[in-house]
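pasting the sequence and the predicted model now:
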Protein chains: 2
Amino acid sequence: MNFFTNMNIPNSTLPRIVIIGGGFAGIALAKKLKNKKVQVVLLDKHNYHTFQPLLYQVATGGLEAGSIAYPIRKVIQEYDDVYFRLTNVQEIDSKNQKIITEIGELKYDYLVIATGSKTNYFGNKEIERNSMAMKTIPQSLNIRSLILENFEQAVLTTDVAEQNSLINFVLVGGGPTGVELSGALAEMKKAILQKDYPDLDIAKMEINLIQSGDRILNTMSEKSSQAAEKFLTSLGVKIWKNVRVTNYDGRTITTNSDLTFETATVIWTAGVQGALIAGLDGKSLVEKVERIRVNEFNQVVGYENIFAVGDIASMESETYPQGHPMMAQPAMQQGELLGENLIKLIENKPMEAFEYSDKGSMATIGRNKAVVDLPNYHFSGVFAWFVWMFVHLFSLIGFKNKAVVFLNWVYNYIRFDREGRLIIRPYKKKSFTTFTSDEV
Amino acid sequence: MNFFTNMNIPNSTLPRIVIIGGGFAGIALAKKLKNKKVQVVLLDKHNYHTFQPLLYQVATGGLEAGSIAYPIRKVIQEYDDVYFRLTNVQEIDSKNQKIITEIGELKYDYLVIATGSKTNYFGNKEIERNSMAMKTIPQSLNIRSLILENFEQAVLTTDVAEQNSLINFVLVGGGPTGVELSGALAEMKKAILQKDYPDLDIAKMEINLIQSGDRILNTMSEKSSQAAEKFLTSLGVKIWKNVRVTNYDGRTITTNSDLTFETATVIWTAGVQGALIAGLDGKSLVEKVERIRVNEFNQVVGYENIFAVGDIASMESETYPQGHPMMAQPAMQQGELLGENLIKLIENKPMEAFEYSDKGSMATIGRNKAVVDLPNYHFSGVFAWFVWMFVHLFSLIGFKNKAVVFLNWVYNYIRFDREGRLIIRPYKKKSFTTFTSDEV
């Protein structure tokens, strides 16, 4: 492909705002800029917005990928002077006010980095190569395929150790993703796998959740941690606390104690880091977590016209000394406010400082089992589960996705079933191919 | 992977029936053998049954893949002594009554070949390498990705010839698949693409349907051919009759006349052939179409205990001198009858000869536009379209798939929309990768 100047985007007398990323923050921002006196260019490496909180249901066959994805071009269909381009941004050249991408360069007047986060392996390349991540839809589909492929393979072997390893699933990281995914796996075991694979002794299927700290869901309340632990245990998930994984070579997990796990499947949810783009000054970055330091207007420290919102942005304050939690809520709120602030900035009006309104957090463990933390109140169980479902349904973009997800949930609930146990694209382990984690 | 003797399937005192293929014929057969005094082994290279008549809607973003796929293990979940194995069968060793597969060998008492059909390029390797086929779900998803990737690329270029080539879609073959897919593409153009890509001159998007014979849908009635042609033309599809494609090098289609087409996308629906497995005697095969010659009991000519059903089977008769049409109906009817006949054979009772009950055929072109041929009656238009929808909904396996497809259709109809315009797995043209057409 040739490189095109300004990606075939017409010049405009209006200021050009370039948004990198169509996640929660980027979409919220683009919506706020609808038909304002600016030109907006929205870039993403996928042509759809991903509703990440439900990725684990795609991974476990409860939902189809399309139900949690929404075409970005549809979001902006009726906006004037808004352009979408499908590409990876490679570098920011702040001196020349342009970005460098796979499909050419683009000048900006204002740049907003909304690239979100990616899996953090804390520098361990061997773990990265051998374990599965779950930050994107293709990654979730890979997990789904791998689970099913492992079972198909387990049916074939008479080697007990190999068979056990194939049906031993280890999740590293006891945050919401690890908790929700291990709960869903436990339900998949009971509802599907034991019926689909009658020639296997399903009792041997293990789901191990390893948490380095002393409680799971450690960003939630103590009460929620305890409830979640009780729920998971009742579903048969083995929880290992205060255990730190030191390596995984594709066969054996080693830890900081004598404990080891023989497993063909490790799902790594132990950490996230900002999805950084090269080119920013080192002083703007928070090391290790790779987030971008921003002021109270989401303005990147050291730059006038570069902003960052969502997971990638670290807005340090007294209440949030390490920035806001890397979740949908702060991302959407920041995106919305930045939309208003950019217009103010252009009109030479004072911008408004961001204040995070914490609406609470929640996690679901299984049918009738969820935990909800509101700022001053915690609850768990059936009602929490209904609240969780209602909030997630309501948050999905688009009527059709809401309706299809609802229909699937009702069906799965009544029938104790998940019909998405389909190996559409077989997954080959990364170690045997040349995929990098960004490509999948 | 090691090779396992008999694929870890327990020995049985009952006769073992091995079915290769979980398509319409294979599934109908397996259902008939439920809890009979036989051991059944069902093999497929996918872990799901594909409802092929709706593949074109997956390719054009109207339906999700999961809505037309059904887990094979779920079909046989409550059957005694039935085993599913996910594998490719490589060879039949009839002398030793066994098959050779990727996961080892398996002895059979009765073998049923229900492998269906695959795209027929009539020996032209260059066309095969450069064009898209639509016989499987992954192939349909590839077409979907390619259509959208072409549009994303077209937006970037200022080279008019390249742009035109990127949004020129050529379908070769005017059978039901070519007709339905070109109609769906035409609706996608109007309903989605012109709204999603306002910076492109959508009027330049072409859909060309090339048919070597003198009418499209030439297996249907003259009246239906004419109606379909009228419908397609009204949707803006250009139909080229009596044109035979001679080559496609990835850029230019050449034909048996002066006519050429510059296009980045060729979808080849010009022919199918049996998906043969090596090892059968040449005398049992019908050359060119690569089908297996069977007698009136679907018994492969020259073999006592090998049968073939569905597309792969050619049962020549006075009414069907070249075998039955390669469609779902004959496949299901043959599968069902063979189920009964195998039990009769085992019980030393006389088998019943197959007689195809032609329930008619139909094709849909677009909203409110379909053609239906009943044995003595032809009709087209809105009512035909409702009949088409009802029959297809009714034929899908499983309540959830029916409900989700229905919901999508209602939504797409009311909103003139298709939200499945998602590039989940980007498609790289085969010529640039090492994929073979069987792998995708």
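Arrived safely.

now do the contacts for A:Gly61.
A:Gly61 makes contact with A:144, A:188, A:192, A:418-422 under the criterion Cβ atoms under 8 Å, 6 or more residues apart in numbering or on different chains. Yep, even glycine has a C-beta here, placed from its N, CA and C like the rest.

one more time with 7 Å
Going by Cβ atoms under 7 Å, 6 or more residues apart in numbering or on different chains, A:Gly61 touches A:144, A:188, A:418, A:420-421.

now A:Ile192
Neighbouring residues of A:Ile192 by Cβ under 7 Å, 6+ apart: A:417-418, A:421.

and these near chain B, which?
The subset of the contacts of A:Ile192 within reach of chain B, by Cβ under 7 Å from any Cβ of the partner chain, is A:Arg421.

and the spatially most central residue of chain A, how far from A:Ser212?
Centroid-nearest residue in chain A: A:Lys135, 3.9 Å away (criterion: Cα atoms, centre = their mean). In this view, A:Lys135 and A:Ser212 are 19 Å apart by Cβ to Cβ, to the nearest Å.

now A:Thr219, nearest residue through space, not along the chain?
Residue nearest to A:Thr219 in three dimensions, not counting chain neighbours: A:Pro325, with 6.2 Å by Cβ to Cβ, 6 or more residues apart in numbering or on different chains.

again but with A:Ala133, I slipped
A:Thr119 is the one closest to A:Ala133 (Cβ to Cβ, 6+ apart), at 3.9 Å.

hang on, the one you found packs against A:Ala270?
No - in this structure, A:Thr119 is not within contact of A:Ala270 by Cβ atoms under 7 Å, at 8.5 Å.

any idea how many residues pack against the nearest residue to A:Gly271 once chain neighbours are set aside?
Once flanking residues are discounted, A:Gly271 sits nearest to A:Asn120: 3.7 Å by Cβ to Cβ, 6+ apart. A:Asn120 has 19 neighbours, counted by other Cβ atoms under 10 Å in any protein chain shown.

correct me, but A:Asn120 touches A:Thr269?
No - using Cβ under 7 Å, A:Asn120 makes no contact with A:Thr269, being 10.1 Å away.

please report how far A:Asp109 lies from A:Gly310.
On the measure of Cβ to Cβ, A:Asp109 and A:Gly310 end up 21 Å apart.

neighbour-wise, which of those two wins?
For A:Asp109 versus A:Gly310, the count of surrounding residues by other Cβ under 10 Å is larger for A:Gly310: 33 against 16.

ok, that one to chain B distance?
Separation of A:Gly310 from chain B (Cβ to the nearest Cβ, to the nearest Å) stands at 21 Å.

what are the ranges of the helices in the stretch 101-250 of chain A?
A:125-130, A:137-154, A:160-166, A:176-188, A:194-196, A:222-234 (DSSP state H, counting those that start in this stretch).

same check, this time on the stretch 301-440 of chain A
A:328-346, A:382-395, A:399-415.

go through the helices of the stretch 101-250 of chain A and pick out the most buried.
helix A:176-188 (a mean of 26; mean count of other Cβ atoms under 10 Å in any protein chain shown).

give the contact list for the closest residue to A:Ile292 other than its chain neighbours.
Closest residue in space to A:Ile292, ignoring its immediate chain neighbours: A:Ala308 at 4.2 Å, by Cβ to Cβ, 6+ apart. Contact partners of A:Ala308, counting by Cβ under 7 Å, 6+ apart, are A:113, A:292, A:294, A:298, A:300.

quick one: the third one from chain B, how far?
Meaning A:Val294. 31 Å.

kindly report the same for A:Glu206.
21 Å.

then A:Ala331?
Taking Cβ to the nearest Cβ, one finds A:Ala331 at 21 Å from chain B.

do you know the pLDDT at that residue?
We have a pLDDT of 98 for A:Ala331.

just checking, it touches A:Phe24?
Yes - using Cβ under 7 Å, A:Ala331 makes contact with A:Phe24 at a distance of 4.1 Å.

identify the contacts common to these two.
With Cβ under 7 Å, 6+ apart as the test, A:Ala331 and A:Phe24 both reach A:Gly310.

follow-up on the earlier one: the residue nearest to the centre of chain A reaches A:Thr119, doesn't it?
Yes - counting by Cβ under 7 Å, A:Thr119 is a contact partner of A:Lys135 at 5.6 Å.

quote the end-to-end distance of stretch A:46-62.
Using Cα to Cα, to the nearest Å, the end-to-end distance of stretch A:46-62 comes to 22 Å.

nearest residue to the residue sitting furthest away from the middle of chain A other than its sequence neighbours?
Here the centre of chain A is the reference, and by Cα atoms, centre = their mean the most remote residue is A:Thr158, at 37.6 Å. Distances taken as Cβ to Cβ, 6+ apart place B:Asn8 nearest to A:Thr158, at 6.4 Å, with adjacent residues excluded.

go on, A:Ala184?
A:Thr60 (4.1 Å).

domain ranges for chain A, per the record?
Following automatic domain parsing, chain A resolves into domains at A:4-45+A:87-119+A:273-346, A:125-266+A:367-432.

tabulate those domains (a markdown table), appending distance to B:Gln226.
As requested, the domains of chain A are exported to a markdown table (distance: least, Cβ to Cβ, whole Å):
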| stretch | distance to B:Gln226 |
| --- | --- |
| domain A:4-45+A:87-119+A:273-346 | 43 |
| domain A:125-266+A:367-432 | 35 |
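
out of those domains, which is closest to B:Ala184?
Among the domains of chain A, domain A:125-266+A:367-432 comes nearest to B:Ala184, with 17.5 Å by Cβ to Cβ.

A:Val405 against A:Ser67, yeah?
Yes - between A:Val405 and A:Ser67 there is a contact under Cβ under 7 Å: 5.1 Å.

so if I had to pick from those two, which one is more boxed in?
A:Ser67 (29 against 22).

can you give me the buried ones in stretch A:394-406?
A:396-398, A:400-405 (16 or more other Cβ atoms under 10 Å in any protein chain shown).

what's the closest of the residues you listed to chain B?
A:Lys400 (4.7 Å; Cβ to the nearest Cβ).

ok, that closest one - contacts?
By Cβ under 7 Å, 6+ apart, A:Lys400 lies in contact with B:411, B:419.

which pLDDT value goes with it?
A:Lys400 is given a pLDDT of 90.

and A:Leu156, how many neighbours does it have?
By other Cβ under 10 Å, neighbour count at A:Leu156 equals 22.

distance-wise, check it relative to chain B.
Distance from A:Leu156 to chain B, by Cβ to the nearest Cβ: 5 Å.

point out the residues in the stretch 151-300 of chain A that sit beside chain B.
Counting by Cβ under 7 Å from any Cβ, the residues of the stretch 151-300 of chain A that sit close to chain B are A:152, A:155-156, A:158, A:195-196.

now tabulate those in JSON lines and tack on pLDDT.
Below are those laid out as JSON lines (pLDDT from 0 to 100):
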{"residue": "A:Glu152", "pLDDT": "96"}
{"residue": "A:Val155", "pLDDT": "95"}
{"residue": "A:Leu156", "pLDDT": "94"}
{"residue": "A:Thr158", "pLDDT": "90"}
{"residue": "A:Lys195", "pLDDT": "95"}
{"residue": "A:Asp196", "pLDDT": "96"}
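
much appreciated, bye for now.
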